[in-house]
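In: Give me a model of this one.
(one chain, ligands or ions: 1)
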Amino acid sequence: MTPSPERVLTPGPRAAFGHLRMDGVTRRFGGAVAVDALDLRIEGGEFIALLGPSGCGKSTALNCLAGLLPLSDGSIWVDDERIDGLPPERRGFGMVFQNYALFPHLPVRKNVAFGLSVRRVGKAEIAERVNEALRIVELTDHADKLPGQLSGGQQQRVAIARAIVLRPRLVLMDEPLSNLDAKLRVQMRTEIRRLHQDLGLTTVYVTHDQEEALALADRIVVLRSGRVQQIGTPEEVYTFPATTYVAGFMGYRNLLELPVVGSEGKRITVGDGDLRLTGVPQQEVTGTRAVAAVRPEDFRVATGSAGGSNAANALSVTVDVSEFHGREVAAEGVTDGGTVIHFRLPGRVAPGERVELTVPVERVLVYGSSAGEDSAGEEKT
Ligand SMILES: Nc1ncnc2c1ncn2[C@@H]1O[C@H](COP(=O)(O)OP(=O)(O)OP(=O)(O)O)[C@@H](O)[C@H]1O
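Out: Prediction:
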């Protein structure tokens, strides 16, 4: 079915569509595939995060949605209407970029009004909508300043105002907070989520920061080399990553490839020498080796006889280094067999000290060990 460029989409402030669908969306650059057969259904009102390391195809996917890049293959639909042949301005989407992309010579008010002016909206309506957008992002008092007179966070709010003033039916954000310092990033993150909720927006948000994705999104799409690794709620992706790649990205810093010792019911044991871990298989494990994924914070320092408990795995490590992280200490230790273990402690420990650790069986996730499946931690930016 060919798209119909004549039809102008009517943007609206409240979930202006039932759903948006990307069907086999593919984008190649020469021989390289940046986005590979991406299937994604976005419900009106949802907040979707596209998450993955640098170069995984997030921005390309977003630019395909925006209409800034033509598709090499596949289609994009809003309800029953095919939109991938429409130019960006006919899609009714708003975009917010990492570098704000403001006009430096225009005051804030004119920057926000720009999109309405080119759409030939009447002067009175422009003034009303610009005032409303500035009020929403709390920049009314800065309306007559130039972008250069504003802080980074304020400039990003101008960029957001410029997008929402168009009453877009979909807001696309490409790493909008990455130029801000850590404190402002967290503040703006909350503001973005609040705006999304209050204005009933549908948002697609690109980030390489898993914390940002977990905090903001209703559902996260984890991408790797242009392909979907997992789509799920933050809870699903965080608690049960589908692959070791997603696990590495979600903070399972211990990805221990070990020989399979045996399995019993829904449990599998892997280990080598003094290190034995029983966990829950997350996929079929057929080979002789498997990867046990454990988050550092899931290790506990054993107290008394806890090391002998059969509800938890027990292991001993010799502390190598430890770092003070405020509420706790992050430490790295080594087993007698030489396996490096990352864990947390309530207080400082000296290098060389011996620590007994336990980890519950249900917090050890076991994946098949395949040659093509390396850890995401290595690629994470
Ligand atoms: N215009 C282009 N021409 C050629 N290759 C491109 C172009 N744009 C992107 N690519 C390639 O496509 C792949 C995906 O790039 P993309 O920018 O979508 O990744 P990303 O996940 O958004 O990364 P980042 O977070 O660094 O922006 C990369 O290998 C990149 O080099």
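In: Now do the residue in the stretch 201-350 of the chain that the ligand sits nearest to against Val158, distance only.
Out: Going by CB to the nearest ligand atom, the ligand is nearest to His208 of the stretch 201-350 of the chain, at 5.3 Å. C-beta coordinates here come from the backbone N, C-alpha and C atoms, glycine included. Distance, His208 to Val158, by CB to CB, to the nearest Å: 24 Å.
In: try Pro234
Out: Distance check for Pro234 against Val158: by CB to CB, it reads 29 Å.
In: Which positions in the stretch 201-350 of the chain make contact with the ligand?
Out: For the stretch 201-350 of the chain, the residues in contact with the ligand (CB under 6 Å from any ligand atom) are His208.
In: pLDDT weak spots in this structure?
Out: Scanning the chain for pLDDT under 70 picks out 1-15, 303-311, 370-381.
In: For it, just list every one of the helices.
Out: Assigned by DSSP state H, the helices in the chain fall at 58-66, 108-118, 123-136, 152-164, 182-198, 210-216, 234-239, 244-249.
In: Any chance of CSV for these, columns mean neighbour count?
Out: CSV is the format used below for these (neighbours: other CB atoms under 10 Å):
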stretch, mean neighbour count
helix 58-66, 23
helix 108-118, 20
helix 123-136, 16
helix 152-164, 23
helix 182-198, 15
helix 210-216, 20
helix 234-239, 17
helix 244-249, 27
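In: Which one, of the ones you listed, ends up nearest to Gly333?
Out: Closest to Gly333 of the helices of the chain is helix 244-249 (CB to CB; 19.4 Å).
In: Which other helices and strands does the closest one contact?
Out: Counting by 3 or more CB pairs under 8 Å, 6 or more residues apart in numbering; DSSP states H and E, the packing neighbours recorded for helix 244-249 are strand 219-224, strand 227-232, strand 254-264, strand 289-294, strand 365-368.
In: okay if I get those strands as JSON lines plus mean neighbour count?
Out: Shown next, in JSON lines, are the helices and strands packed on helix 244-249 (neighbours: other CB under 10 Å):
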{"stretch": "strand 219-224", "mean neighbour count": "24"}
{"stretch": "strand 227-232", "mean neighbour count": "18"}
{"stretch": "strand 254-264", "mean neighbour count": "17"}
{"stretch": "strand 289-294", "mean neighbour count": "24"}
{"stretch": "strand 365-368", "mean neighbour count": "23"}
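In: Nearest to Val359, out of these?
Out: Among the helices and strands packed on helix 244-249, strand 289-294 comes nearest to Val359, with 5.7 Å by CB to CB.
In: Next, count neighbours for Thr339.
Out: A count of neighbours around Thr339, defined by other CB atoms under 10 Å, yields 19.
In: so it touches Gly271, yeah?
Out: No: using CB atoms under 8 Å, Thr339 makes no contact with Gly271, being 9.7 Å away.
In: joint contacts of the two?
Out: Shared contacts of Thr339 and Gly271 (CB atoms under 8 Å, 6 or more residues apart in numbering): Leu258.
In: Asp39 contacts Gly24, correct?
Out: Yes: contact criterion CB under 8 Å: Asp39 and Gly24 qualify, at 6.3 Å.
In: what residues does the stretch 1-150 of the chain put near the ligand?
Out: Within the stretch 1-150 of the chain, the positions near the ligand by CB under 6 Å from any ligand atom are Phe29, Ala34, Gly52, Ser54, Gly55, Cys56, Gly57, Lys58, Ser59, Thr60.
In: make it 8 Å
Out: 27, 29-30, 32, 34-35, 52-63, 69 (CB under 8 Å from any ligand atom).
In: Nearest residue to Asn63 in space, please, no chain neighbours.
Out: Of all residues beyond its chain neighbours, the one nearest Asn63 is Leu69 (4.3 Å), with distances taken as CB to CB, 6 or more residues apart in numbering.
In: Which residues are in contact with that neighbour?
Out: Arg27, Thr60, Asn63.
In: What separation do you get for it and Glu89?
Out: Distance, Leu69 to Glu89, using CB to CB: 15 Å.
In: tell me the contacts of the closest residue in space to Ser178 that isn't next to it in sequence?
Out: Excluding its sequence neighbours, the residue lying closest to Ser178 (CB to CB, 6+ apart) is Gln98, at 5.3 Å. Taking CB under 8 Å, 6+ apart, we find Gln98 in contact with Asp174, Glu175, Pro176, Ser178, Asn179.
In: what does Leu139 give?
Out: Val108, Gln154, Arg157, Val158, Ala161.
In: do the same with Ala127
Out: Residues near Ala127 by CB under 8 Å, 6+ apart: none.
In: Could you do Asp272 as well?
Out: Residues in contact with Asp272, defined by CB under 8 Å, 6+ apart, are Leu258, Pro259, Gly337, Thr339.
In: Verify the contact between Lys58 and Val204 for me.
Out: No: the criterion here is CB under 8 Å, and Lys58 misses it with Val204 at 9.9 Å.
In: which residues do those two both contact?
Out: Leu50.
In: Pull the distance from stretch 102-122 to the chain's centre.
Out: Offset of stretch 102-122 from its chain centre (CA atoms, centre = their mean, to the nearest Å): 31 Å.
In: oh, I was asking about stretch 118-126
Out: With CA atoms, centre = their mean, you get 36 Å for stretch 118-126.
In: again with stretch 98-112
Out: With CA atoms, centre = their mean, you get 27 Å for stretch 98-112.
In: Can I get that stretch in PDB, CA atoms only?
Out: C-alpha atoms of stretch 98-112 as PDB (Å, rounded to 0.1, in the frame of the first residue of the first chain):
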ATOM      1  CA  GLN A  98      20.600  16.600  22.500                       C
ATOM      2  CA  ASN A  99      22.100  19.900  21.300                       C
ATOM      3  CA  TYR A 100      18.800  21.900  21.800                       C
ATOM      4  CA  ALA A 101      19.100  23.200  18.200                       C
ATOM      5  CA  LEU A 102      17.800  26.700  19.200                       C
ATOM      6  CA  PHE A 103      18.200  29.800  17.000                       C
ATOM      7  CA  PRO A 104      20.900  31.800  18.900                       C
ATOM      8  CA  HIS A 105      19.800  35.200  17.500                       C
ATOM      9  CA  LEU A 106      16.100  34.800  18.300                       C
ATOM     10  CA  PRO A 107      14.700  35.400  21.800                       C
ATOM     11  CA  VAL A 108      13.100  32.500  23.600                       C
ATOM     12  CA  ARG A 109       9.600  33.500  22.700                       C
ATOM     13  CA  LYS A 110      10.400  33.600  19.000                       C
ATOM     14  CA  ASN A 111      12.300  30.300  19.200                       C
ATOM     15  CA  VAL A 112       9.100  28.700  20.600                       C
END
